[in-house]
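Asker: Sequence plus the predicted model coming up.
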Amino acid sequence: MINPIKKSLYFFLKLERQIAFYPSVLALAGLFLALVMIYLEQLGLSQLIIKHVPIVMLQSFETARTILGTFIGGFISILVFSFSMVMILLNQAAANFSPRLLPGLVSNKKHQIILGIYLASLFFCLLALMLIQSEGKEVTTPGSMILMAILMMATSLTAFIYFIHSISKSIQVDHILHRIYQDSADQFNRLLEGSKDNEKSPILTKSPADFSADDNWTLYRAETNGYLSAVDTGALRKLMHKDNNQMQILVGRSYYMLAGTPLFRTRKTVDDDLASHLHKQFLIESSVSVSDNEDLGFKVITEIAIKAMSPGINDPGTALTCIDYLTQLLALRLRYHPREWFQDTANDDEDSTPTTRVQIKTLDFEDLLFQIMAPFRTYCAHDILIVLKLLHMHNNLIQIAPTDCQQQHQLIHSAQLLAQTALNNINQEPDQQRIRAMIKNI
C-alpha cells in the first residue's frame, strides 16, 4: 500500500486546506494558555507582578469585568466581519475568475491564522471573565490574565489591520495569477531537479522494446469514484518486480474516473491479495489542486482568461496578462519531460538490462497545448489583440525550443491553426494583414 508516511502527509495536507484547520488549532492553543495562566495565578503570579510592576496591573473588579466584556463583544464583531469578508472574497473569485480558485483561497494560511488569533483571544477572555468571582465581601481579580487579555486584544487589532490589507490584495487578479504561476513553477522546478538527480533510472524518450501492452493483458477496474491524486510508482515497480510482471496504468493524474472503469492492466493475472495491494497504491480523492498536479495551473489560468473575455466581464487586459503567465509556464514545460516508464533499479536487479515494470499515462506537450488553445480558438478568435498575443507566445516558445524537435513542430501547427481560425472570424483587412505577417515570421 502507499507508504503510511506519505498517506499521512496527504491526509494532513488535505486537512490543512480546510478553512477551519488553523482557527481550530489556535482556539485550542488559547484555551491551553488560559489554563496555564490559571495555574500561574494560583501560584501567585499577580502578587509578584504587583510587587515589582504595580502600574501594569488592574485590580478593580468592575473595571476588569467591563474590559473583558468589551473585549468579548469586540472579538465577536471582528470574527463576524472577517468571516463575512472571506465569504465575499470567495464569492467574487468564483463569479469573476474561476471556481477552481476557491481551494487555494480557502487554504490561505495567513487568513486562517488571523481568524485563529481572534478565536484564541475570545476563549481566553471568556475563561478570564469566569475567574472574576466574589467570596463574601472580597472580590478576586485575576490581574495577570487581565493583562494578558489586553496584550491579546492589541495583537488581534494588529492582525485585523493586516487582514484588511491582505484580503483586499487577495482579490486582485494580478496577485491571483502570480500565485498560481508561482505554485506551478515551483512544481516544475522540483520535478526538473528530481530528474537531474535520478541517475539510477533515467527517463526513457521512446517506448522500450520489452514493453508492449495488448488486449491479452488482464484488466483491473477502479473501485471508487474520484480524481487520481497520486500514484506510488516506486511501490508498484517493486510489486511488479517481485511478481516478475508488468503493469500499464490507464488513467492519468487528476483525471476523474468512475468505479468500474478501467484503471490498470497487467501482463500476467495476479491473485486477489496482490490485486488488493496494487489498488492501495492509488490515492483517489474528491478534488485536486495545483499543488497535486503541475499541469493543472495551465487549466486554471486558461479558465481565468476565457472568463475575462466573456461579454459579462469583458476584460481583455486580464486575458493578455494570463497569456504572459502561460508563456512562462509553457517555457518551463518545454524543459520538463514527464516520466512514463519505470524500470528495475540496481537494487532490484543486478542485470545490465533492467526490465520495464510500470507505464503510467502522462499528459504530453501536444495534448497540453491543445487543451490551452482550444478555448482560445473558440471564444477569442474574434479579438485581434488576443490573437496577436497568442501568436507572439507561439513565436517566443518556438525560439527557445530545440531546433527540429517534436514540440517545435507542434507549436508551429498550433499557431497555423489559430491564424486560420482568426482569419475566418476577423473581417477587417488591416487586421488580417497583421495576422498573415505574424504567421509568416513563425
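Answerer: It's in. Numbers count the residues shown, from 1 in each chain.
Asker: So which bits of stretch 273-290 are buried?
Answerer: Within stretch 273-290, the residues scored as buried using 16 or more other Cβ atoms under 10 Å are Leu274, Leu278, His279, Gln281, Phe282, Leu283, Ile284, Glu285, Val288, Ser289, Val290. In this view, the C-beta of every residue, glycine as well, is placed from N, C-alpha and C.
Asker: which one of these sits closest to Lys299?
Answerer: Val290 (9.2 Å; Cβ to Cβ).
Asker: Restrict the helix or strand containing Leu274 to CA atoms and write it as PDB.
Answerer: Element membership for Leu274, per DSSP states H and E: helix 272-279. Listed next in PDB are the C-alpha coordinates belonging to helix 272-279 (Å, rounded to 0.1, in the frame of the first residue of the first chain):
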ATOM      1  CA  ASP A 272      -6.600 -11.300  -5.200                       C
ATOM      2  CA  ASP A 273      -4.200 -10.400  -2.500                       C
ATOM      3  CA  LEU A 274      -1.700  -8.800  -4.800                       C
ATOM      4  CA  ALA A 275      -4.500  -7.000  -6.700                       C
ATOM      5  CA  SER A 276      -5.700  -5.500  -3.400                       C
ATOM      6  CA  HIS A 277      -2.100  -4.300  -2.700                       C
ATOM      7  CA  LEU A 278      -1.900  -2.800  -6.200                       C
ATOM      8  CA  HIS A 279      -5.200  -0.900  -5.700                       C
END
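Asker: if we can go back for a sec, and which of the buried residues of stretch 273-290 is nearest to Met85?
Answerer: Nearest to Met85, judged by Cβ to Cβ, of those is Ser289 at 22.5 Å.
Asker: Which members of the buried residues of stretch 273-290 occur in helices, if any?
Answerer: Secondary structure assignment (DSSP state H) places Leu274, Leu278, His279 from the buried residues of stretch 273-290 within helices.
Asker: thinking again about what came up before, now for the helix holding Leu274, which elements pack on it?
Answerer: Counting contacts by 3 or more Cβ pairs under 8 Å, 6 or more residues apart in numbering; DSSP states H and E, helix 272-279 is packed against strand 218-221, helix 233-242, strand 262-266.
Asker: domain assignment for the chain?
Answerer: Using automatic domain parsing, the domain parsing of the chain gives 4-171, 178-197+298-332+364-440, 202-294+336-363.
Asker: need these in CSV with mean pLDDT, can you?
Answerer: As requested, the domains of the chain are exported to CSV (pLDDT from 0 to 100):
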stretch, mean pLDDT
domain 4-171, 78
domain 178-197+298-332+364-440, 90
domain 202-294+336-363, 82
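Asker: Test my guess that Arg377 contacts Leu418.
Answerer: Yes - using Cβ atoms under 8 Å, Arg377 makes contact with Leu418 at a distance of 5.9 Å.
Asker: which residues in the stretch 51-200 of the chain form strands?
Answerer: 133-135, 138-140 (DSSP state E, counting those that start in this stretch).
Asker: returning to what we had before: which one of Arg377 and Leu418 is surrounded by more residues?
Answerer: Neighbour count, other Cβ atoms under 10 Å: between Arg377 and Leu418, Leu418 has more, with 23 against 18.
Asker: Tell me the secondary structure at Phe342.
Answerer: strand (DSSP: H, G, I helix; E, B strand; the rest coil).
Asker: For it, give the beta-bridge partners.
Answerer: Here Phe342 sits in beta bridges with Val358, going by DSSP bridges.
Asker: give me every residue that touches it.
Answerer: By Cβ atoms under 8 Å, 6 or more residues apart in numbering, the residues touching Phe342 are Ser201, Thr233, Gly234, Leu236, Arg237, Thr356, Arg357, Val358, Gln359, Ile360.
Asker: redo that, cut-off 6 Å
Answerer: Under the criterion of Cβ atoms under 6 Å, 6 or more residues apart in numbering, the neighbours of Phe342 are Thr233, Arg237, Arg357, Val358.
Asker: Kindly report the same for Ala419.
Answerer: Shown in contact with Ala419 (Cβ under 6 Å, 6+ apart): Ile435, Ile439.
Asker: give me the element it is part of.
Answerer: Counting by DSSP H and E, Ala419 is part of helix 406-425.
Asker: Buried residues, that helix. List them.
Answerer: By neighbour count on 16+ other Cβ under 10 Å, the buried set for helix 406-425 is Gln407, Gln408, Gln410, Leu411, Ile412, Ser414, Ala415, Leu418, Ala419, Thr421, Ala422, Leu423.
Asker: One more: stretch 244-252?
Answerer: By neighbour count on 16+ other Cβ under 10 Å, the buried set for stretch 244-252 is Asn245, Gln246, Met247, Gln248, Ile249, Leu250, Val251, Gly252.
Asker: for stretch 259-277, same thing?
Answerer: In terms of neighbour count (16+ other Cβ under 10 Å), stretch 259-277 has its buried residues at Leu263, Phe264, Arg265, Thr266, Arg267, Val270, Leu274.
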